[in-house]
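Asker: Okay, sequence plus prediction incoming.
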Amino acid sequence: MWKGMVGVVGLGASLAACSADGAGSSFSGGGGNSGGSSGSGGLASQGNGGAASGGTPGASGGSPGGVGNGGVQTGDGGPSAGGGGGATAVGGATGAGGAIPKPYCNGQSADLGNDMYNCGECGNICQPEIVAYGLEAPSSIVADSTSLYWAERTQNGRVFQLPLGSSNVQNPPAIATNQKNPHSLALSATNVYWIADDAVWTRPKASGIATSIATDPAGRGFGDVAVDQTSVYFTTHSDSAGRYAAVKKIPLGGGAASEIATLDVTDFGAIAVNDAKVFFVHTEYYGSITSGNHDEIVYTVPLDGGTPVELTRFSPHVSILQLRATSQYLYIGINERQPGIPPTVYLESRVMRVPVAGGDPEWIVGTIDETFSAFDVNSQGTFLASSNGTVVGGSIHSTPNGIGMSMALALPTHPTALAVTETHLYYGEWEDNGLGNGQLFRNGLCVGSVCQ
C-alpha cells in the first residue's frame, strides 16, 4: 500500500490525476457477454464497466435475450402466440459480480468520500491550521463535541481547554496550573480527569477549580486513568511498604476509591475500559530493570473487579504506552527498541489490536526508525503519531478501515500527542528545549467528499 510523505507547511505534495479502472467507474452498463440470439423482436444489449449481474434466459416466442455483464435488458417482446414465433432466446452469460470499483488516484484505489489525500477529487489534500501556540510539551489531547483539552507534561504543568473552532490562540489560558507532570486526560459528560505525580485530579468542564480525588498516603505512584459512564479507573505502582500495584476505581459522583485488581508486581501502567471490562498493562522484567529485557502483559478484569486474566503479551524490547478499548477490540500502542550493531538501534512505532474475547494480535499501522508518541481511532481508521528518535521531526500515519490510501504526514518537529474525532485530526508538536515553541494543530478530515 502506497504511503506518500507530505510536508506540514502547505502539505505541498500533489497526487496524480484520477485514472480509470478498466473502462471507468460508471455505475451502469455491463462489460459482460451479450445475450444469446433472440426470437422475433428479442434484443440483448450490453454495456461497459458497471456492476455485474447474471443473464436471464429469454422466453420462447420472441422475448428479449438475457443481459450480459450488467447490461440493461431492452427490446420489445415478440408476439406471444401465432406471431412470428422466433426461436427460443438464449440467456446472456452470467457476469462477474463484485463491488462497484473505486477510482484510482496515483495508481492506488481511493475513496473520494473520505480520503484526506483525495477528498472529492484526486490530489485534493485537506490542509492543517494552528489551534494554539506558545506551549510546552503539549500532551494527552482529548476532545468532546464542543471543546479540546490537553496538558503540558512538565514539573509545573498546566491543563487547557479551548472551543473546537479556536484558531491561532497565543498562550491560551489554563484551567489548571502547578500540576506535576499532568497526563492521561479522560472525559466524562461533565468533567475532565487527569493523572499527576501526586494524585488523580478533576475539574468541571463548565467552570470551577481543579481538585484531587485520589491520593496515596505512602506515595505509591500513579499510572494512567480511564473513565466510563459511572466511574473513574486508575492504575498505581507498588511502594516500599510492600503494597502491590493495583487498579482502583472511584464513582463519578465522588467517594472512596475501591481496589478492583492487584498483583504482586512492581507497576501497572496504561489502562482502558469498555462496557464490560477493564484492561491494564504490567511490565515484567527478567534480569536487571535497566536491561530492556521484559514482557509487556495486558490483563483484564470485570468492571466490578476480580482476579486479573492475561489477555496477551509482547516480548522483548517492547513497551506498551497506550490502550484504547471498544466492545470488540483492544487497540495497543507500542514502542519497540531493539539493540543493533552499535551505534545503530532498531526502532518501530506501531498500533496493534486484539479481540477483547482473546486471540492473536494483528498489526494495524506502524513506521520504523521512529518512536511512539500517541494514537487514536475513529470510524475512518487508525491514526498514529511518532517522533524521529535521532533528529528533529516525526510523522503521522493512518490506515483506513476500508478502501483508500494510507496517510503519511511528515512533521518538522516532534509530535507529542494526537486525538481524532469524526471530523478532525488534532496533534501537538514541540521540541524539548523549554522555549515555549510548542503548537497544537487541527487537520480537517475528508467527510462526504468535503474537507472539514
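Answerer: Ah, there it is.

Asker: low pLDDT regions in the stretch 101-250 of the chain?
Answerer: 101-103, 217-220, 239-243 (pLDDT under 70).

Asker: Repeat the analysis, applying 90 as the threshold.
Answerer: 101-118, 123, 125, 136-137, 154-155, 197-198, 214-222, 236-246 (pLDDT under 90).

Asker: can you give me the helices in it?
Answerer: For the stretch 101-250 of the chain, no helices are identified by DSSP state H, counting those that start in this stretch.

Asker: looking only at pLDDT, what's the mean for stretch 308-326?
Answerer: Averaged over stretch 308-326, pLDDT sits at 92.

Asker: Buried residues in it, which are they?
Answerer: By neighbour count with 16 or more other CB atoms under 10 Å, stretch 308-326 contains the buried residues 308, 311-314, 317-325. Using the backbone N, CA and C atoms, a C-beta is placed for each residue, glycine as well.

Asker: Next, find the distance separating residue 116 from residue 129.
Answerer: The span separating residue 116 from residue 129 equals 14 Å under the rule CB to CB, to the nearest Å.

Asker: do residue 224 as well
Answerer: Separation of residue 224 from residue 129 (CB to CB): 30 Å.

Asker: Give me the more crowded residue out of the two.
Answerer: residue 224 (23 against 10; other CB atoms under 10 Å).

Asker: For the more buried one, which non-adjacent residue is spatially closest?
Answerer: residue 184 (4.2 Å; CB to CB, 6 or more residues apart in numbering).

Asker: separation between the one you found and residue 262?
Answerer: 20 Å.

Asker: So these two - more neighbours on which side?
Answerer: More crowded of residue 184 and residue 262, by other CB under 10 Å: residue 184, with 25 against 19.

Asker: wouldn't that one be in contact with residue 140 here?
Answerer: Yes: Residue 184 lies in contact with residue 140 (CB atoms under 8 Å); the separation is 5.8 Å.

Asker: which neighbours do those two share?
Answerer: Among the neighbours of residue 184, those also in contact with residue 140 (CB atoms under 8 Å, 6 or more residues apart in numbering) are residue 194.

Asker: sorry, back to before: quick check, nearest of the buried residues of stretch 308-326 to residue 173?
Answerer: Ranked by distance to residue 173 (CB to CB), the buried residues of stretch 308-326 are led by residue 322 at 27.7 Å.

Asker: isn't the closest one right next to residue 279, touching?
Answerer: No: counting by CB under 8 Å, residue 322 stays clear of residue 279, with 11.3 Å between them.

Asker: Give me the buried positions along stretch 412-430.
Answerer: 413-421, 424-430.

Asker: the strands in the stretch 151-300 of the chain, which residues?
Answerer: 157-163, 169-170, 174-179, 183-187, 191-195, 200-204, 211-214, 222-227, 231-236, 245-251, 258-263, 271-273, 277-285, 294-302 (DSSP state E, counting those that start in this stretch).

Asker: Nearest approach to residue 335 belongs to which of the ones you listed?
Answerer: Each of the strands of the stretch 151-300 of the chain was scored for nearness to residue 335 using CB to CB, and the closest is strand 294-302 (10.0 Å).

Asker: Adjacent strands (with direction) for that closest one?
Answerer: In the sheet, strand 294-302 lines up against strand 277-285 (antiparallel), strand 309-314 (antiparallel) (DSSP bridges).

Asker: of all those, which lies closest to residue 330?
Answerer: Using CB to CB, the nearest of those to residue 330 is strand 277-285, at 5.4 Å.

Asker: Give the rounded mean pLDDT of that closest one.
Answerer: 90.

Asker: could the strands of the stretch 151-300 of the chain go into TSV alongside distance to residue 346?
Answerer: Listed next are the strands of the stretch 151-300 of the chain as TSV, based on distance: least, CB to CB, whole Å:
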stretch	distance to residue 346
strand 157-163	32
strand 169-170	40
strand 174-179	35
strand 183-187	27
strand 191-195	31
strand 200-204	36
strand 211-214	39
strand 222-227	27
strand 231-236	29
strand 245-251	30
strand 258-263	30
strand 271-273	27
strand 277-285	20
strand 294-302	16
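
Asker: Which one of those strands lies nearest to residue 437?
Answerer: Minimum separation from residue 437 across these (CB to CB) falls at strand 169-170, 11.9 Å.

Asker: That closest one pairs with which strands, and in what direction?
Answerer: According to DSSP bridges, strand 169-170 has these partners: strand 128-135 (parallel).

Asker: So which bits of the strand it pairs with are buried?
Answerer: For strand 128-135, by 16+ other CB under 10 Å, it's 128, 131, 132, 133, 135.

Asker: circling back to that earlier point, possible to save the buried residues of stretch 308-326 as TSV with secondary structure?
Answerer: Putting the buried residues of stretch 308-326 into TSV (DSSP: H, G, I helix; E, B strand; the rest coil) gives the following:
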residue	secondary structure
308	coil
311	strand
312	strand
313	strand
314	strand
317	coil
318	strand
319	strand
320	strand
321	strand
322	strand
323	strand
324	strand
325	strand
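
Asker: and which of these is nearest residue 253?
Answerer: The closest of these to residue 253 turns out to be residue 325 (CB to CB; 22.9 Å).

Asker: wait, that closest one sits on residue 277?
Answerer: Yes: at 7.4 Å, residue 325 counts as touching residue 277 under the criterion of CB under 8 Å.

Asker: Residue 377: neighbouring residues, count only.
Answerer: 19.

Asker: pLDDT value on it, please?
Answerer: For residue 377, the pLDDT comes out at 95.

Asker: just the one 3 residues further on next, same as before
Answerer: pLDDT, the model's per-residue confidence, is 89 for residue 380.

Asker: Hmm, it is touching residue 445, no?
Answerer: Yes: at 6.5 Å, residue 380 counts as touching residue 445 under the criterion of CB under 8 Å.

Asker: okay, and the common contacts of these two?
Answerer: 114, 422.

Asker: Where do the strands of the stretch 351-452 of the chain begin and end?
Answerer: Secondary structure of the stretch 351-452 of the chain, counting by DSSP E, counting those that start in this stretch: strands at 362-368, 370-377, 381-388, 394-400, 407-411, 415-420, 424-429, 438-444, 446-447, 450-451.

Asker: Alright, that wraps it up for me.
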